[in-house]
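Based on what follows, work out the 3D shape:
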Amino acid sequence: MDSNESNLVEEYEVERDKYQSFANTVDNLLVRLLASEGITVHSVGHRCKTVNSLRGKVEKKRSYETLSQITDLAGVRLITHYEDDVHKIAQVVESEFFIDKVNSIDKGKALDPEKFGYLSLHYVVSLSDDRAALKEYSAFRGMKAEIQVRSILQHTWAEIEHDTGYKSNIEIPKHIRRRFSRLAGLLELADQEFIGIRDALAAYSDTVAVEVEKPIGVVGGVPAQEVSLDKISLARFIELDPLVITLDDYIVNALSAEFSYGLRVEAKDISRLQMLGINALGELRSAMAENQEFIKRRADDAAIEFLSFDSDGNKIGIARGVSVLYLTQILIAKSGGEQKIRELLGRSGLYVTEKLVNYLVDFF
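Numbering: from 1, shown residues only. Model prediction:
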């Protein structure tokens, strides 16, 4: 190592804490920027190059004269759930940072599709003049950081590629090269399929919402198009069905409680309804209408013994959809004698007490 290279390493040893702070600052800034845009990512992490790593880099390349020429001393990596989120993040990065276009790489564009490899986005950035003028950022004016943006599957490929130590076609034994290329293609296809599944689920949720909001039919209150019970359809039903909303409000008022939990639908909620013979929204809507007075009575009875405030005087929180829970208890009470009620309660996943068993036995 010549004297200039030694000087670079020594300078970095002195400045490394500043680069570490810069990496952390860019990480936190990106988290806030993405949150303001409503972009959710799998993870965000940062790192600062070690002194030994820098020593190896300058010895290998032997062309650096100043630390400012080394663009990856501070680094941030964002991993997205979906490949198309990479492009959304790219727009945020390009609008909020100064981009060093010479050293930034969009491997999605740079990569020959016939060659081995996988896609990712690498930016070399510095703070914009406006942001660097702010007091909390002024210490980092002119410093550069590398921002990598990948989907989970792209990251998986990069990690395995790094682990094998092979990064180009000429390094891969010819008889294995085709297998690598096939795998890269499969991962790209999987990325696109996950996007398709996400979009299909969103479209299905919109379709369910349309059905739930249709007026109740003359015969049995069945939606114009029957919709099977699943996590999405049940959640949309609880969120939008007028009778569910009315009954939920009635229960909360009766118990002097409040809605303080987000809407949560779990597999046990669906299996509980299916156990009671309700497999579609039309059947659930009919059951709610048929038993609405019983559901109100259940709430009134619960109010007699319900502790409406906790030890600190705060109202007890209840989740939306409590009327559907009460419906299941009513249907269990209708099922027959004590033995049947005990059996169904045991299978329901509900918290069962002797008091609840006796209450449901005597309900009708």
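
What is the host helix or strand of G196 packed up against?
If you go by DSSP states H and E, G196 is part of helix 174-212. Helices and strands in packing contact with helix 174-212 are listed as helix 83-96, helix 152-164, helix 231-240, helix 281-290; criterion 3 or more Cβ pairs under 8 Å, 6 or more residues apart in numbering; DSSP states H and E. The way it works is simple: take the backbone N, C-alpha and C, and place the C-beta from them, glycine included.

how many degrees apart are the second one and helix 174-212 in direction?
Using axes from the mean of the first three to the mean of the last three Cα atoms, to 10 degrees, the direction of helix 152-164 lies 160 degrees away from that of helix 174-212.

what angle do helix 152-164 and helix 83-96 make?
Per the same axes, to 10 degrees, the angle that helix 152-164 makes with helix 83-96 is 90 degrees.

contacts for helix 152-164?
Contacts to helix 152-164, defined as Cβ atoms under 8 Å, 6 or more residues apart in numbering, come from residues 42, 77, 79-81, 83, 86, 118-120, 150, 167, 183-184, 187, 190-191, 194.

For that helix, buried residues please.
Under the neighbour-count criterion of 16 or more other Cβ atoms under 10 Å, helix 152-164 has 152-155, 157-158, 161 buried.

quick check, nearest of those residues to K135?
H155 (35.3 Å; Cβ to Cβ).

Tell me how far that closest one lies from Q91.
Using Cβ to Cβ, to the nearest Å, H155 is found at 20 Å from Q91.

What's the ChimeraX line that selects buried ones from the contacts of helix 152-164?
Provided next is the ChimeraX selection string for whichever of these are buried by 16+ other Cβ under 10 Å:
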select :77,79,80,81,83,86,118,119,120,150,184,187,191,194
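
one step back: what about the helices and strands packed on helix 174-212, which gets the closest to L67?
Counting by Cβ to Cβ, L67 lies closest to helix 83-96 out of the helices and strands packed on helix 174-212; the figure is 22.7 Å.

what about the closest one, average pLDDT?
Across helix 83-96, pLDDT averages out at 93.

Would you mind identifying the next helix or strand past it?
With DSSP H and E setting the assignment, the helix or strand that follows helix 83-96 is strand 97-99.

Quick check: buried residues in that following strand?
The neighbour-count check on strand 97-99 (16+ other Cβ under 10 Å) flags 97-99 as buried.

Which elements pack onto that strand?
strand 121-127.

which neighbours does the strand it packs on have in its sheet, and in what orientation?
Strand 121-127 sits in its sheet next to strand 97-99 (antiparallel), strand 105-106 (antiparallel), strand 145-151 (antiparallel), going by DSSP bridges.

Out of those, the one nearest A23 is which?
Between A23 and those, the tightest spacing by Cβ to Cβ is seen for strand 145-151, at 6.2 Å.

Relative to the whole chain's centre, how far out is the closest one?
19 Å (Cα atoms, centre = their mean, to the nearest Å).

Identify the residues contacting it?
Contacts of strand 145-151 from elsewhere in the structure, counted by Cβ under 8 Å, 6+ apart, are 22-23, 26, 30, 71-83, 85-86, 89-90, 93, 97, 119-126, 158, 191.

circling back to that earlier point, include distance to K174 when you put the helices and strands packed on helix 174-212 into CSV, please.
As requested, the helices and strands packed on helix 174-212 are exported to CSV (distance: least, Cβ to Cβ, whole Å):
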stretch, distance to K174
helix 83-96, 30
helix 152-164, 16
helix 231-240, 48
helix 281-290, 57
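
mind showing which ranges of this protein have poor pLDDT?
With pLDDT under 70 as the threshold, the chain has low-confidence stretches at 1, 107-119, 164-172, 215-225, 305-314.

And it, what are its domain boundaries?
Following automatic domain parsing, one gets these domains for the chain: 3-191, 231-361.

want to throw the ones you listed into CSV with distance to V208?
Converted to CSV, the domains of the chain look like this (distance: least, Cβ to Cβ, whole Å):
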stretch, distance to V208
domain 3-191, 22
domain 231-361, 4
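
A200 is nearest to which of those domains?
Each of the domains of the chain has some distance to A200 by Cβ to Cβ; the shortest is domain 231-361, at 10.8 Å.

Now for L344: which residues touch it?
By Cβ under 8 Å, 6+ apart, the residues touching L344 are 275-276, 332, 335.

can you check G277 too?
Taking Cβ under 8 Å, 6+ apart as the definition of contact, the neighbours of G277 are E283.

Could you do H175 as well?
Taking Cβ under 8 Å, 6+ apart as the contact definition, H175 lies against nothing.

start the count at 67, not 1, going forward
In the new count, where the first residue is 67, that last one comes out as H241.

you'd agree F430 is up against G402?
No - between F430 and G402 there is no contact, the gap being 10.2 Å when judged by Cβ atoms under 8 Å.

Spatially, what comes nearest to the residue nearest to the spatial centre of the chain if we skip its sequence neighbours?
A centroid search over the chain (Cα atoms, centre = their mean) returns T106, at 6.3 Å, as the residue closest to the centre. Beyond its immediate neighbours in the sequence, the residue positioned closest to T106 (Cβ to Cβ, 6 or more residues apart in numbering) is H147, lying 7.3 Å away.

isn't that neighbour right up against S109?
No - with contacts counted by Cβ under 8 Å, H147 stays clear of S109, the gap being 9.9 Å.

C-terminal to the helix or strand in which L397 is found, what's the next element?
Take DSSP H and E as the rule and L397 turns out to sit in helix 388-400. Per DSSP H and E, helix 388-400 leads on to helix 404-414 as the next helix or strand towards the C-terminus.
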